[in-house]
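Asks: Predicted model and sequence follow; I will ask about them next.
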Amino acid sequence: MNEVILLKNGEIVLKGLNRRTFEDMLVKTMRRRLSPTGGWRFTTAQSTIVAEPLDDGIDLDEAVSICKKIFGFAGLSRALSLPKDFDAILSETGRYLSDELSYARTFKVAAKRADKSFPLASPEICTRLGERLLCDFPHLTVDVHNPDVTVNVEIRDNSAFVHGTQIKGAGGMPTGSSGKAAVLISGGIDSPVAAWMMAKRGLQLTAVHFASPPYTSERAEMKVHSLLEKISQYSGPIRLFVVPFTEIQEQIKDNCREELFTIIMRRFMMKISGSIAEKSDCGALITGESVGQVASQTLYALSCTDAAVSMPVFRPLIGMDKDEVVAVARRIGTFDISVLPYEDCCTVFTPRHPRTRPKLKYVEAAESALQSDKLINDAVAGAREYLIDGKGK
C-alpha cells in the first residue's frame, strides 16, 4: 500500500508569480519538521504538496499530527496513491477506507479530475464509485449535503489519490515568509497567544522574557520555556532571551513615583526588547496587550509605551476579550501551562493606584532620574540565550 500525505495550500494560492517562493518555504519547513520520522520525498503541483514516505515503518499518524501544526496549509489528508486506472480505484477505495465507512451511516463521493485526459468525467467517477461502495457497504446511504464520510478521488498528472474527509490545517502563512519579530513573553495567558497569532501570519519569532530574581522563581522561567515549546510546534525554532530585570525594577521603585511604576517598567521592557530585536534582525515587536484590560493598557498608556521604541509594535489581541483569548490558548495547548501559579516580573512592585492616563512628558521626566542607557545596556549584555524547538511533536 502506497500511502502519502496530501497537503492543500492555503492563502498562498493567491500569491500569483510569487507562489513558488512560498511553496518552497513550505517544503523546507516540512522537510525539517518531518525529518525525525524518517525520509520523505516532496512534490508540488496544482496547489498541493504531496509528502511521500521513503522509509518503511514511518508512523504516518505522527507525521499527520506534525503537519497539522505547520502554518500555510488549509487542509491535509492521509491518502492512498494509485495508478490512474479506474478499475484500481474501484477495487482499492473500499478496502482503504473500510474503517471509516464501516462505522459511518452516510457518505458521498467527491471527485476532482485535474488530468482532463482521464477517460471518465468527475460526475461519472462519483456515480460509479458510489454504486460500488453501496454494494460493498450495504448499511450506507448517500447524503450529499452532510455526510459522515466524504470519499475523495483526485486524478492528477502522475497518480490518482483516494482519501477520506479532509483534516483542517493550521492555515496562515509559511513560517518566515513575513520576516522576523520579537515577542515580549511572560508566563501569562495573553503573550503566548499573541506569539502564536503572529507566527501564523508568517513571522519568525524571537522571544524576550524578563526575570527578576529573587522576586521571581526559576520555575517561572521554566514555565516560559514550556510555553515556547508549545508555540514552537507551530512556529518552528524560537530564540529566547532571558533578561535580568531586578536592578531596573528596584531602581524604578526607589526613584520614581509609585503610580508610574508600571508604565515606566513597560517602557524599559520595550527599549530592551527593541535593542535585542535590532541585534536579531527583527523588524517589529509583539505584545499581548488588549485595550482596557489593565491600567497599563489604556490608550494613554499604550501611547507612552509605543513612544519608547521606533519600530512597529504588533498587538494581535488588541480587540479581543479574555474569553476569546482563553479559547485560543486552550486550542493551542498553552492555557494549562499559563495558569500555573508561578508569578512573573510584571507582578513585582505593582502600584496600588496606577496612573491610567499618563502623559508622556511627565513619564519621561520621571525616567530622567534613572541612568536609563546604562541600565538598558547592562540588561541586554546580561541576557541569557536559549533555542527552543518543539519539533512539532
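Replies: Yep, it's here.

Asks: just for the stretch 201-350 of the chain, where's the confidence low?
Replies: Applying pLDDT under 70 to the stretch 201-350 of the chain flags residues 345-349.

Asks: And the helices in it?
Replies: For the stretch 201-350 of the chain, the helices defined by DSSP state H, counting those that start in this stretch cover 218-235, 246-255, 261-279, 299-306, 322-332, 335-338.

Asks: and residue 44, which of the three is it?
Replies: Under the three-state scheme (DSSP: H, G, I helix; E, B strand; the rest coil), the conformation of residue 44 reads as strand.

Asks: so what's it up against?
Replies: 23, 27, 50 (Cβ atoms under 8 Å, 6 or more residues apart in numbering). Placement of C-beta: from N, CA and C, glycine included.

Asks: Just the ones in helices from those, please.
Replies: Taking DSSP state H, the ones among the contacts of residue 44 that sit in helices are 23, 27.

Asks: Out of the contacts of residue 44, which is nearest to residue 145?
Replies: Distance to residue 145 across the contacts of residue 44 (Cβ to Cβ) is lowest for residue 50, with 29.6 Å.

Asks: how close does the closest one get to residue 3?
Replies: 11 Å (Cβ to Cβ, to the nearest Å).

Asks: repeat for residue 242
Replies: For residue 242, the distance to residue 3 equals 43 Å [Cβ to Cβ].

Asks: Can you lay out the helices of the stretch 201-350 of the chain as a markdown table showing mean neighbour count?
Replies: Listed next are those as a markdown table, based on neighbours: other Cβ atoms under 10 Å:
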| stretch | mean neighbour count |
| --- | --- |
| helix 218-235 | 21 |
| helix 246-255 | 17 |
| helix 261-279 | 23 |
| helix 299-306 | 18 |
| helix 322-332 | 16 |
| helix 335-338 | 18 |
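
Asks: who's more crowded, residue 50 and residue 3?
Replies: Per other Cβ atoms under 10 Å, whichever of residue 50 and residue 3 has more neighbours is residue 50, with 20 against 15.

Asks: give the contact list for the more buried one.
Replies: Counted by Cβ under 8 Å, 6+ apart, residue 50 has contacts 4, 5, 6, 7, 42, 43, 44, 81, 161.

Asks: ok, now residue 100?
Replies: Per Cβ under 8 Å, 6+ apart, neighbours of residue 100: 149, 164, 165.

Asks: Take those residues and keep only those in strands.
Replies: Counting by DSSP state E, the contacts of residue 100 place residue 149 in strands.

Asks: Neighbour-wise, which one of the contacts of residue 100 leads?
Replies: Highest neighbour count within the contacts of residue 100, by other Cβ under 10 Å: residue 149, with 22 neighbours.

Asks: With residue 127 as the reference, measure out to residue 210.
Replies: Separation of residue 210 from residue 127 (Cβ to Cβ): 64 Å.

Asks: One more: residue 374?
Replies: 78 Å.

Asks: same check, this time on residue 213
Replies: Residue 213 sits 70 Å away from residue 127, taking Cβ to Cβ as the criterion.

Asks: any chance of the helices of the stretch 201-350 of the chain in a markdown table, plus distance to residue 170?
Replies: A markdown table is the format used below for those (distance: least, Cβ to Cβ, whole Å):
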| stretch | distance to residue 170 |
| --- | --- |
| helix 218-235 | 6 |
| helix 246-255 | 37 |
| helix 261-279 | 25 |
| helix 299-306 | 30 |
| helix 322-332 | 10 |
| helix 335-338 | 18 |
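
Asks: between those, which one is nearest to residue 141?
Replies: Closest to residue 141 of those, according to Cβ to Cβ: helix 322-332, at 33.6 Å.

Asks: Report the inter-axis angle for that closest one versus helix 218-235.
Replies: With axes from the mean of the first three to the mean of the last three Cα atoms, to 10 degrees applied, the angle from helix 322-332 to helix 218-235 works out at 70 degrees.

Asks: CA atoms only: put helix 322-332 into CSV for me.
Replies: Extracted in CSV, the C-alpha atoms of helix 322-332 (Å, rounded to 0.1, in the frame of the first residue of the first chain):
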residue,chain,number,x,y,z
LYS,A,322,-10.3,37.5,27.9
ASP,A,323,-12.8,34.7,27.0
GLU,A,324,-11.7,34.9,23.3
VAL,A,325,-8.0,34.8,24.3
VAL,A,326,-8.6,31.8,26.6
ALA,A,327,-10.4,29.9,23.9
VAL,A,328,-7.3,30.2,21.6
ALA,A,329,-4.9,29.3,24.5
ARG,A,330,-6.9,26.1,25.1
ARG,A,331,-6.9,25.2,21.5
ILE,A,332,-3.1,25.6,21.0
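
Asks: So which elements touch that helix?
Replies: Here helix 322-332 touches helix 190-200, helix 218-235, helix 335-338, going by 3 or more Cβ pairs under 8 Å, 6 or more residues apart in numbering; DSSP states H and E.

Asks: what about the ones you listed, which gets the closest to residue 379?
Replies: Of all the helices and strands packed on helix 322-332, helix 218-235 sits nearest to residue 379, with 15.4 Å by Cβ to Cβ.

Asks: can you list the residues that contact the closest one?
Replies: With Cβ under 8 Å, 6+ apart as the test, helix 218-235 has contacts from 69-71, 170, 175, 185-187, 192, 195-196, 199-200, 204-205, 207, 209, 211, 238, 240, 242, 332-334, 337-338, 340, 342-344, 386, 388-393.

Asks: and what of stretch 130-145?
Replies: Stretch 130-145 has contacts (Cβ under 8 Å, 6+ apart) with 90, 93, 94, 101, 102, 104, 105, 106, 107, 108, 109, 151.

Asks: Let's see that with 7 Å instead.
Replies: 90, 94, 101, 102, 104, 105, 106, 107, 108, 109, 151 (Cβ atoms under 7 Å, 6 or more residues apart in numbering).

Asks: quick one on the thing from earlier: quick one: closest of the helices and strands packed on helix 322-332 to residue 354.
Replies: helix 190-200 (17.7 Å).

Asks: Keeping just the C-alphas, turn the closest one into CSV.
Replies: Provided in CSV are the C-alpha atoms of helix 190-200 (Å, rounded to 0.1, in the frame of the first residue of the first chain):
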residue,chain,number,x,y,z
ASP,A,190,-2.0,36.6,26.6
SER,A,191,1.5,36.8,25.3
PRO,A,192,1.8,33.2,24.2
VAL,A,193,-1.4,33.6,22.2
ALA,A,194,-0.1,36.8,20.7
ALA,A,195,3.1,35.0,19.7
TRP,A,196,1.1,32.1,18.0
MET,A,197,-1.2,34.5,16.2
MET,A,198,1.7,36.5,14.6
ALA,A,199,3.6,33.3,13.8
LYS,A,200,0.5,32.2,11.9
